[in-house]
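**Student:** next come a sequence and a model predicted from it.
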Amino acid sequence: MITTRALTKVYDGKVAVEALTMEIRSGEIFGLLGPNGAGKTTTVRMLAALISPTSGEALIGGYRVGEQDAAIRRLVGIVTETPGLYERLSARENLEIYAKLYGVSNVTRQVEKYLRLLELWDRRDDPVGTFSKGMRQKLALARALVHEPKVLLLDEPTSGLDPQMTKVVRDFIAELKEQGRTILLCTHNLDEAERLCDRILVLKTRPIALDTPQALRRRLFGRRIIVTLEAVTDRILERVRALDFVLDVQQEDRRLVIALSDPERQNPILVRALVEVGAAIRFLTEEAHSLEEIYLRLIEEEERTSSLPSAPDRAEAPSAR
Amino acid sequence: MSPVLVILQKEWADLRRHRLLLLSMVVPAVVFLLLPFALVILIPLIDPSGWNDRNVQRMAELLGRAEPDLRRVDPLLVFHIYIFRQFILMFLLIPILGALSIATYSIVGEKQNRTLEPLLATPIRTTELLWGKSLAAALPATLLTWITFGLYVLLMRALSPAGVLAHVVNPVGLSLIFLIGPLVAVLSLGLGVIVSSRAKDPRTAQQIGVLLILPIMALFIMQMRGFFLLSAQWVWLGAAVLLALDVIVLKIGARLFQRETILTRWT
């Protein structure tokens, strides 16, 4: 649904986004992560046909950014970093303006549909200036959806919301995916990205990594299991090390942290070997790395690489599909 | 519905609820409407010779030269004609202030509330957006000028001596209101658009209004001192100059009013 090839944007000689190549599949929630100033908003603006790329290309639903912008704008709904609503106008008036500008055929029905869906119908005639932050964010979502776009670009949709409202918005985004919409989600909330996104792209002007959170976890940390025993003896350690599929073993008090290549297949063999040498197993779990750890590791690696005098490997930025 | 009309509707719905902005337009109009009546009533009462001083005599001479039938008219009538003609010039400040206020509030307000980005993400063309905003500023300002002038005419008819109205509502007066008025409104909103691209708040943007108010005030004072009398030729020349200036400022405004420029360069 969205394809970019070597997409680059330069403002006054300063590179905002460089060589971004990616493909977002139809019906997918795609997370765009990165520190402040990483180029996330610039990317969203290019994909919404608000600004044109300096070089490279972007296709949205087959339409090329910079050439078929009007068609792209009809296909895309956008929630910007700040809701950007007309404070003196009512919720209904705000939506009506956008429905008309998008050329919606039945303005009244569409406006009512989304005001009801986002539980704003009872406050439909109140000025938006009297709304809470959560209500404004819901109205901004309704505005992005009023013309039934196939693609949604969401820039920090839960920023500044309380946990309850965050959940409401997050559940709503998940519902939109169920409806088959393609969603690009820019967020600093890594828990949200983990819960919602099928794949993520970590961006820091250039793309750093693109994959599913699980694949990135595996790539960065491998797969490790933690076995908690009543006691760890030398015999137990020797037995574990003797297993040819064990990549690494570390002892942490009464816990063994064991790196495996294929835990689903190797765990039963490992457990059997431990029991044979008299180990009393209390727990066996897979070590879980949060998306935050993945993200921080990626950013640290990128900073380390970019601080080197020459970094030829940077030219090979990921462009996974 | 045309996107221009949607923007127009939106702007007017917003304007109707912006009481301060409405007041800032209506109050000067009411002052310019009532002040000449206050002057023609109060000056003869406070200073019986005031309406016959040197300036008024010079003005009467000028008026008499331009319109010979006024030479034989009662000085009190000349005084009325003189004051009422003078204030038609002041009426030109209504479209200047009105169009500038609406344009700057509309554009700088959108910048402050960050409403421009979602608006520009719709299929609307930037020229349509600019047209919508321009009409939303120019039409009410021009309409307010015409309504104020209509009331002015009605009040003159009711309160002034017979014969005044015919000498005030003449081709020069009508051209000022119905030709120069809309042209200065367009110039004002064009400058408003240009300044709004840089200004962070509407009041800063409105300071540009001084540029437009000064020439009108200069004309007003020159006529008041009897140095100059605005004739039909001067009005037509002024209209031609204003038309040229309108085209220039609108072209500059349209060049600034581009999606990417608005999102990345407007501070």
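**Tutor:** Perfect, thanks for sending it.

**Student:** so which residues of chain A form helices?
**Tutor:** Taking DSSP state H to define them, one finds helices in chain A at A:40-47, A:69-75, A:91-101, A:107-117, A:133-145, A:163-178, A:190-196, A:213-221, A:234-242, A:263-276, A:291-306.

**Student:** the inter-axis angle of the last one versus helix A:213-221?
**Tutor:** Using axes from the mean of the first three to the mean of the last three Cα atoms, to 10 degrees, the direction of helix A:291-306 lies 50 degrees away from that of helix A:213-221.

**Student:** how about helix A:291-306: buried residues?
**Tutor:** By neighbour count on 16 or more other Cβ atoms under 10 Å in any protein chain shown, the buried set for helix A:291-306 is A:Leu291, A:Ile294, A:Tyr295, A:Arg297, A:Leu298, A:Ile299, A:Glu302. C-beta: built from backbone N, CA, C; applies to glycine.

**Student:** burial of the residue of the stretch 101-250 of chain A found nearest chain B, as a residue count?
**Tutor:** Taking Cβ to the nearest Cβ, chain B has its nearest neighbour within the stretch 101-250 of chain A at A:Leu101, 4.1 Å off. Using other Cβ atoms under 10 Å in any protein chain shown, A:Leu101 has 24 neighbouring residues.

**Student:** and the nearest residue to it once chain neighbours are set aside, how many neighbours?
**Tutor:** Leaving aside its sequence neighbours, A:Leu101 sits nearest to B:Thr122 (Cβ to Cβ, 6 or more residues apart in numbering or on different chains; 4.1 Å). Around B:Thr122 sit 23 other residues, with neighbours defined as other Cβ under 10 Å.

**Student:** so where's the chain shaky on pLDDT?
**Tutor:** Let's take chain A. A:308-321 (pLDDT under 70).

**Student:** please go with chain B instead
**Tutor:** B:47-56, B:267.

**Student:** tell me the buried residues in the host helix or strand of B:Tyr105?
**Tutor:** Secondary structure from DSSP states H and E places B:Tyr105 in helix B:93-113. By neighbour count on 16+ other Cβ under 10 Å, the buried set for helix B:93-113 is B:93-111, B:113.

**Student:** say whether chain A is contacted by that helix.
**Tutor:** Yes: judged by Cβ under 8 Å from any Cβ of the partner chain, helix B:93-113 comes into contact with chain A through B:Asn113.

**Student:** isn't B:Val153 up against B:Leu165?
**Tutor:** Yes: the criterion here is Cβ atoms under 8 Å, and B:Val153 meets it with B:Leu165 at 6.9 Å.

**Student:** how about the residues of the stretch 51-200 of chain B that lie near chain A?
**Tutor:** Residues of the stretch 51-200 of chain B lying near chain A by Cβ under 8 Å from any Cβ: B:Asn113, B:Arg114, B:Thr115, B:Leu116, B:Glu117, B:Pro118, B:Leu119, B:Leu120, B:Ala121, B:Thr122, B:Pro123, B:Ile124.

**Student:** can I get the residues you listed in a markdown table with distance to A:Tyr86?
**Tutor:** Formatted as a markdown table, those follow (distance: Cβ to Cβ, whole Å):
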| residue | distance to A:Tyr86 |
| --- | --- |
| B:Asn113 | 7 |
| B:Arg114 | 11 |
| B:Thr115 | 6 |
| B:Leu116 | 11 |
| B:Glu117 | 13 |
| B:Pro118 | 10 |
| B:Leu119 | 10 |
| B:Leu120 | 15 |
| B:Ala121 | 15 |
| B:Thr122 | 14 |
| B:Pro123 | 19 |
| B:Ile124 | 15 |
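
**Student:** and these, which two are furthest apart?
**Tutor:** Greatest spacing in these, by Cβ to Cβ: B:Asn113 and B:Pro123 (21.5 Å).

**Student:** break chain A down into its domains, please.
**Tutor:** Listed domain ranges for chain A are A:2-211, A:217-286 (source: automatic domain parsing).

**Student:** mind checking which of those is nearest B:Val235?
**Tutor:** Across these, B:Val235 has its closest neighbour in domain A:2-211 (39.0 Å, Cβ to Cβ).
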